[in-house]
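**Q** turn this into a structure:
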Amino acid sequence: VAVARPATGSATSVVARVVAPVSRAMPAEIAGMDWGPLQQAVASCQACGLCQSRKNTVFGVGDTQARWLVVGEAPGENEDIQGEPFVGQAGQLLDNMLRAVGLNRQGTGTQGVYIANVLKCRPPANRNPQPEEVLQCEPYLRRQVALLQPQIILALGRFAAQSLLQHSVPDVATMPLGKLRGRVHRYEGVPVIVSYHPAYLLRTPQDKARTWADLCLAMDVMRSGAPA
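**A** Numbering: from 1, shown residues only. Okay, here's the model as predicted:
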């Protein structure tokens, strides 16, 4: 699974370059697509240079009527090969996290979940996504959210959180993930809970307890149905 990596320059300038505001009006042709045509559009997309190096696009997986949406950052090597988000060790950990709250990627109804990434193609060598790449991919994720109409979004990793919250949280581009956790944010009106990326948790298992707290917050939001 691709996870944002450090680069040269100050932390503030690097993050600001990666998640500079990139929203634009959704193209009319995408706004009118159902799941099948949308997936075909992603599979044939050549809007940015990532199409030249990908093996497969990674559209998403799960129940298209799920109440929960999990959003990761970008496909990694295993995802690029298999065409499915969150596979390998990080995917196994995510599956364990989901099972802990009664969800699984093969489930339906109250046990269902839909899993997608901000980017649909793997950046070479798992480098940070570039703003123009997010610009081209963002309408696909927005349409997925519109079709799914989830009751909650779980944003995993700093880049996923910053991409989703760039227009609702001031200075989000320079905020560490820890300051985004523990609060209920919004994306397109949907509650968003921010937590650590499973790949990060594999390297830093002591933060698994914090992730459990994030999942509990998400469950509380789902149970209460209260506005943020």
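**Q** from K120, how far off is the residue nearest the centre of the chain?
**A** The residue lying closest to the centre of the chain (CA atoms, centre = their mean) is V71, at 2.2 Å. The gap separating V71 from K120 is 12 Å, by CB to CB, to the nearest Å. Every residue, glycine included, has its C-beta placed from N, CA and C.
**Q** what of H167?
**A** According to CB to CB, H167 and K120 sit 21 Å apart.
**Q** neighbour-wise, which of those two wins?
**A** K120 (29 against 11; other CB atoms under 10 Å).
**Q** how about that one, what does it touch?
**A** Residues near K120 by CB atoms under 8 Å, 6 or more residues apart in numbering: V42, C45, T57, V58, F59, P75, C137, Y140.
**Q** and if we set it to 7 Å?
**A** By CB atoms under 7 Å, 6 or more residues apart in numbering, the residues touching K120 are V42, T57, V58, F59, C137, Y140.
**Q** same deal with E84?
**A** Applying CB under 7 Å, 6+ apart, we find E84 in contact with V58, V61.
**Q** how about the secondary structure of it?
**A** coil (DSSP: H, G, I helix; E, B strand; the rest coil).
**Q** now the one 10 residues further on
**A** Reduced to three states with three-state DSSP, the structure at L94 is helix.
**Q** what does the one 3 residues further on give?
**A** Three states are possible here, and by three-state DSSP the one that applies to M97 is helix.
**Q** give me the neighbour count for it.
**A** Residues near M97, counting by other CB under 10 Å: 21.
**Q** from T57, how far off is it?
**A** 25 Å.
**Q** list of residues touching stretch 169-189?
**A** 12, 15-16, 19, 142, 145, 153, 158, 161-162, 164-166, 168, 191-196, 210, 214, 217, 221, 228.
**Q** gap between the two ends of it?
**A** End-to-end span of stretch 169-189 (CA to CA, to the nearest Å): 13 Å.
**Q** for that stretch, what is the distance to the chain centroid?
**A** Averaging C-alpha positions (CA atoms, centre = their mean, to the nearest Å) puts stretch 169-189 14 Å from its chain's average.
**Q** once you drop chain neighbours, what's closest to C121?
**A** Spatial nearest neighbour of C121, chain neighbours left out: L50 (3.8 Å); criterion: CB to CB, 6 or more residues apart in numbering.
**Q** how is that neighbour assigned, secondary-structure-wise?
**A** At L50 the chain is in helix, as set by three-state DSSP.
**Q** report the contact partners of it.
**A** C121, P123, E133.
**Q** by neighbour count, which of the residues you listed wins?
**A** C121 (28 neighbours).
**Q** show me what contacts that residue?
**A** L50, C51, R54, T57, P75.
**Q** ok, now with 10 Å
**A** Listed by CB atoms under 10 Å, 6 or more residues apart in numbering, the contact partners of C121 are 42, 45, 47-58, 74-75, 79-80, 129, 133, 136-137.
**Q** which of those count as buried?
**A** By neighbour count, with 16 or more other CB atoms under 10 Å, the contacts of C121 hold 42, 45, 48, 50, 54, 56-58, 74-75, 79-80, 129, 133, 136-137 as buried.
**Q** helices along the protein, start to end?
**A** 11-18, 28-31, 35-43, 77-82, 88-100, 131-148, 158-165, 177-180, 198-203, 208-224 (DSSP state H).
**Q** which strands or helices does the third one pack on?
**A** Using 3 or more CB pairs under 10 Å, 6 or more residues apart in numbering; DSSP states H and E as the contact criterion, the neighbours of helix 35-43 among helices and strands are helix 28-31, helix 131-148.
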